[in-house]
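> Here's my sequence, what's the structure:
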Amino acid sequence: MIELRDVWFRYEGSGSPALRGVSLEIRRGEILVVLGSNGAGKSTLLRTLNGLIPHFYPGEMRGRVVVDGLDTREAQVSELARRVGLVFQNPERMFFSETVLEELTFGPLNFGMDVEDARKRALEVAEEMGLTELLSRPPWSLSGGEMKRLSIASVLTMDPAYVALDEPTVGQDAKNKASICSLIRRVREESRGVIVVTHDLEWVVDLEPDRIVLMEGGSIAADGGREILADGSRLREVGLSPPVCAMVSERLGIGPRLTPREVVEGVLAGRGFG
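Numbers count the residues shown, from 1 in each chain. Coordinates of the predicted model:
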């Protein structure tokens with residue numbers, strides 16, 4: 001289990017904390033979705049899970065983050081990375097190698113796995129992620145959807161207990177979104193914990209997470225199940241689009257229908273659907 005105990009963090013040079021007294025438990029075998037507006041602290045939260053905060057981002061941290069008994073303040077980041085695999089929003093920032101196959105073996109080799117076992121693991125994950133035909137390609141030559149799958153695969157080759165994904169559906173079409181949904185559910189079935197930060201409310205409905213956390217101003221505003229998606233006023237308070245909130249409620253069968261006039265008024269008001 002990952003435990004955050006009254007965690008505060010302020011980036012160096014910032015006048016206000018990015019996280020304010022966050023306490024949270026994340027268990028294996030569950031999908032936890034984190035929602036909130038820009039600046040709510042979602043990405044900062046992810047960085048605390050594998051030790052990037054406090055080890056690589058300078059600032060002031062209070063409280064404790066404990067990953068399967070390891071205090072992130074004391075454990076080495078390399079040790080934490082074996083337990084918590086973080087997939088960044090921009091996948092190309094994660095690539096180091098000349099080919100997809102080399103990228104998939106990079107992590108296991110750096111963690112001490114021998115070449116034969118690292119290659120075997122890479123090939124297994126490549127098949128699972130639909131990357132087998134791309135193994136000889138440079139990572140930067142892939143499409144956006146292929147890069148996203150490669151970034152997730154490169155984390156899975158290290159066999160982490162938890163997988164954290166920052167905005168996994170950005171730039172993805174409907175087919176790729178559905179594939180990412182299926183992958184996340186499969187990871188959960190392997191008794192891993194999955195933490196997903198996203199603005200994509202409609203995709204969250206398809207994902208059917210076990211828990212949903214709302215963040216606002218660096219704090220947790222709500223922590224529960226799908227009933228959170230039924231609370232349109234709470235979702236709007238944390239900066240999520242009113243038309244989308246209403247559409248989600250309608251899809252779940254837990255709220256009033258959104259009239260065409262309300263949709264048009266929402267778009268004209270600049271609220272959009274994202």
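
> need the helices for the stretch 151-274 of the chain, in chain order.
Taking DSSP state H, counting those that start in this stretch as the test, the helices found in the stretch 151-274 of the chain are 174-189, 201-207, 232-237, 242-252, 260-268.

> Check the ones you listed for me: which has the lowest mean pLDDT.
Mean pLDDT is lowest for helix 260-268 out of the helices of the stretch 151-274 of the chain, coming in at a mean of 48.

> quick one, what contacts the most centrally placed residue in the chain?
Nearest to the mean C-alpha position of the chain, counting by CA atoms, centre = their mean, stands residue 165 at 2.2 Å. Contact partners of residue 165, counting by CB atoms under 8 Å, 6 or more residues apart in numbering, are 87, 152, 184, 194, 195, 196, 197. The C-beta positions use only the backbone N, C-alpha and C, and glycine is treated the same way.

> For residue 99, see how far away the fourth one is.
Read that as residue 194. 28 Å (CB to CB, to the nearest Å).

> neighbour count winner among these two?
residue 194 (25 against 15; other CB atoms under 10 Å).

> Kindly state the beta-bridge partners for that one.
Per DSSP bridges, the residues bridged to residue 194 are residue 31, residue 163.

> Is it in contact with residue 168, as I believe?
No: Residue 194 is not in contact with residue 168 according to CB atoms under 8 Å; the separation is 10.1 Å.

> Residues that sit against both of those two, list them.
residue 184.

> Kindly format the C-alpha coordinates of stretch 12-22 as CSV.
Output of stretch 12-22 as CSV, limited to C-alpha atoms (Å, rounded to 0.1, in the frame of the first residue of the first chain):
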residue,chain,number,x,y,z
GLU,A,12,11.3,26.3,-4.6
GLY,A,13,10.6,29.8,-5.5
SER,A,14,6.8,29.4,-5.2
GLY,A,15,4.9,31.5,-2.7
SER,A,16,2.2,28.9,-2.0
PRO,A,17,2.2,25.1,-1.5
ALA,A,18,1.3,22.8,-4.4
LEU,A,19,0.1,20.2,-1.9
ARG,A,20,-1.7,21.0,1.4
GLY,A,21,-2.1,18.4,4.0
VAL,A,22,-2.8,15.5,1.7
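
> Counting neighbours, which bits of it end up buried?
17, 18, 19, 20, 22 (16 or more other CB atoms under 10 Å).

> Name the helix or strand for the closest residue to the third one other than its chain neighbours, please.
In other words, residue 19. In this structure, residue 19 finds its nearest non-sequential neighbour in residue 9, 4.4 Å apart by CB to CB, 6 or more residues apart in numbering. Assigned by DSSP states H and E, residue 9 belongs to strand 2-11.

> Name every strand pairing with the helix or strand just after that strand and say which way it goes.
Counting by DSSP H and E, the element after strand 2-11 in chain order, helix or strand, is strand 19-26. Strands that pair with strand 19-26, judged by DSSP bridges, come out as strand 2-11 (antiparallel).

> what about the strand it pairs with, distance to the chain center?
Relative to the chain's own centre, strand 2-11 is displaced by 17 Å; criterion: CA atoms, centre = their mean, to the nearest Å.

> Outside of the strand holding residue 9 itself, list whatever touches it.
16-26, 44-45, 48-49, 53-54, 57-68, 84, 162, 193.

> Mind giving me the PyMOL command for buried ones among those?
Per 16+ other CB under 10 Å, the buried members of those correspond to this PyMOL selection:
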select buried, resi 17+18+19+20+22+24+26+44+45+48+49+53+54+59+61+63+65+66+67+84+162+193
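
> Can you name the residues that contact the closest residue in space to residue 58 that isn't next to it in sequence?
Distances taken as CB to CB, 6+ apart place residue 12 nearest to residue 58, at 4.1 Å, with adjacent residues excluded. Residues near residue 12 by CB under 8 Å, 6+ apart: 58, 59, 60.
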